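**Student:** 3D, please:
(one chain, ligands or ions: 2)
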Amino acid sequence: MELNELKIILSHEEKFKDINKWKFKEITHGTVSRHKYIVSRKKEKYFIKQIKDNEQFILLELIKIKSNLIPRIFYPNLLKKNVLVQQCVSGKHLKSKKAIDIKLVREFAKFQNGLNKEEIINKINKFSGCNSTVIDESDFFRKGIYSNFDYDKDLFILKKFKLPIVDKFIKLLNYIRKDKENIIDDFCKMPFARQHHDFKEDNIICNPQKLVDWGSSYGHGPFLFDLAPFLVNNEKAFNEFIKYSDICKKYSKEQIKRWLYVALVANFVSLLRYRLNIGGYFKNKKQCKKFLEYEYKTYKFLLK
Ligand SMILES: Nc1ncnc2c1ncn2[C@@H]1O[C@H](COP(=O)(O)OP(=O)(O)OP(=O)(O)O)[C@@H](O)[C@H]1O
Ligand SMILES: [Mg+2]
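**Tutor:** Ligands and ions are numbered 1, 2, ... in the order given. All right, here's what the predicted structure looks like:
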């Protein structure tokens, strides 16, 4: 969508009727696949983004359940035209996984509870490509985690940097491989709930903490996948999630801890696949060291 086209769509709303009096500042952070802007006039300011159909769909559902997980959305009717007009949050991104606010964790549990009603699952999973039966869905995730386990070659390429942290990562991978089959099985068989699927520091903006960027959210999945890296080293956040999650109420803490572990493994191998691709991600040894040392603080818990 060209900027002009976006301006025309916006100008149909009373507030934006003098569209040329509004200033559009493009945001270049993140991917450039969809344009996003800070749109301002005098003291007013909005975050405006072109969104895909799946993002439109999930945002409409979040509005329906009055979720506080996301910044406020204005003009929900524009979502149907693939335009998101949202409260502009001025704070920075989350600095570390440990810094997650338990209020955000609570809102996430409530969002999963709200969207776990059967009729919504069937309706909103239409984008996931795995919408027929539970067996099919678990198969879809099984294939995903299996193939992610095989993306470890990038990790071995990183050996060229001769960094101790790379060896630690390899040790970790070899350790979890020993129990690979059971882990995959437990991961796919845990209860499903709606996922954001790009739950990372970059997509949490502060203060108060809100979750943005629902562009990767297509459907339901193993319910602890998104949150696992944020809960594993944070007893307070973990307990808050257990307290509010409807799914957790039905199982023992022991069982939930096992699911947390296997969901963390799924995140670890997904990191190998999507974040370590050497050509794209690391420009040099220093950057590689910084990234791996940061992530190790979370994934070292897999050794326990
Ligand atoms: N409501 C908001 N207020 C202020 N800044 C925001 C808001 N939503 C997102 N941002 C900023 O814009 C950045 C990019 O937006 P977003 O994460 O939605 O898109 P992206 O990462 O480029 O993903 P994609 O284009 O693949 O959907 C965010 O990382 C954040 O810094
Ligand atoms: Mg993003």
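**Student:** tell me the pLDDT at Asn148?
**Tutor:** Looking at Asn148, its pLDDT stands at 91.
**Student:** near ligand 1, which residues of this structure are found?
**Tutor:** 27, 29-31, 33-34, 36, 47, 49, 71, 86-89, 202-203, 205, 212-213, 215 (Cβ under 6 Å from any ligand atom). Bear in mind the C-beta positions are built from the backbone N, C-alpha and C, glycine included.
**Student:** among the residues you listed, which are in strands?
**Tutor:** Counting by DSSP state E, the residues of the chain next to ligand 1 place Lys36, Phe47, Lys49, Gln86, Gln87, Ile205 in strands.
**Student:** buried among those residues? Make that a PyMOL selection.
**Tutor:** To isolate the buried subset of those in PyMOL, counting by 16 or more other Cβ atoms under 10 Å, use the following:
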select buried, resi 36+47+49+86+205
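**Student:** so who does Cys288 touch?
**Tutor:** By Cβ atoms under 8 Å, 6 or more residues apart in numbering, the residues touching Cys288 are Leu158, Phe161, Leu163, Val166, Phe282.
**Student:** hmm, the second one is touching Lys289, no?
**Tutor:** It refers to Phe161. Yes: using Cβ atoms under 8 Å, Phe161 makes contact with Lys289 at a distance of 7.4 Å.
**Student:** which ones are touching Leu224?
**Tutor:** Counting by Cβ under 8 Å, 6+ apart, Leu224 touches Met190, Leu231, Ile256, Trp259, Leu260, Ala263.
**Student:** from ligand 1, how far off is the first one?
**Tutor:** Here the distance between Met190 and ligand 1 works out to 27 Å (Cβ to the nearest ligand atom, to the nearest Å).
**Student:** report how many residues lie close to that residue.
**Tutor:** By other Cβ atoms under 10 Å, 24 other residues sit near Met190.
**Student:** and if you look at the last one?
**Tutor:** As a burial measure, the neighbour count of Ala263 was computed by other Cβ under 10 Å and equals 25.
**Student:** and it, what element?
**Tutor:** helix 253-274 (DSSP states H and E).
**Student:** go through that helix and flag the buried ones.
**Tutor:** By 16+ other Cβ under 10 Å, the buried positions in helix 253-274 come out as 256, 258-273.
**Student:** and it, what's its mean pLDDT?
**Tutor:** Helix 253-274 carries an average pLDDT of 95.
**Student:** show me what it is packed up against.
**Tutor:** Packed against helix 253-274 by the contact rule (3 or more Cβ pairs under 8 Å, 6 or more residues apart in numbering; DSSP states H and E) you find helix 134-149, helix 164-177, helix 180-189, strand 220-222, helix 228-231, helix 235-244, helix 285-299.
**Student:** of those, which approaches His196 most closely?
**Tutor:** Each of the helices and strands packed on helix 253-274 has some distance to His196 by Cβ to Cβ; the shortest is strand 220-222, at 9.9 Å.
**Student:** parallel or antiparallel, which strands does the closest one pair with?
**Tutor:** According to DSSP bridges, strand 220-222 forms sheet pairs with strand 192-194 (antiparallel).
**Student:** the strand it pairs with: how far from the chain's middle?
**Tutor:** 13 Å (Cα atoms, centre = their mean, to the nearest Å).
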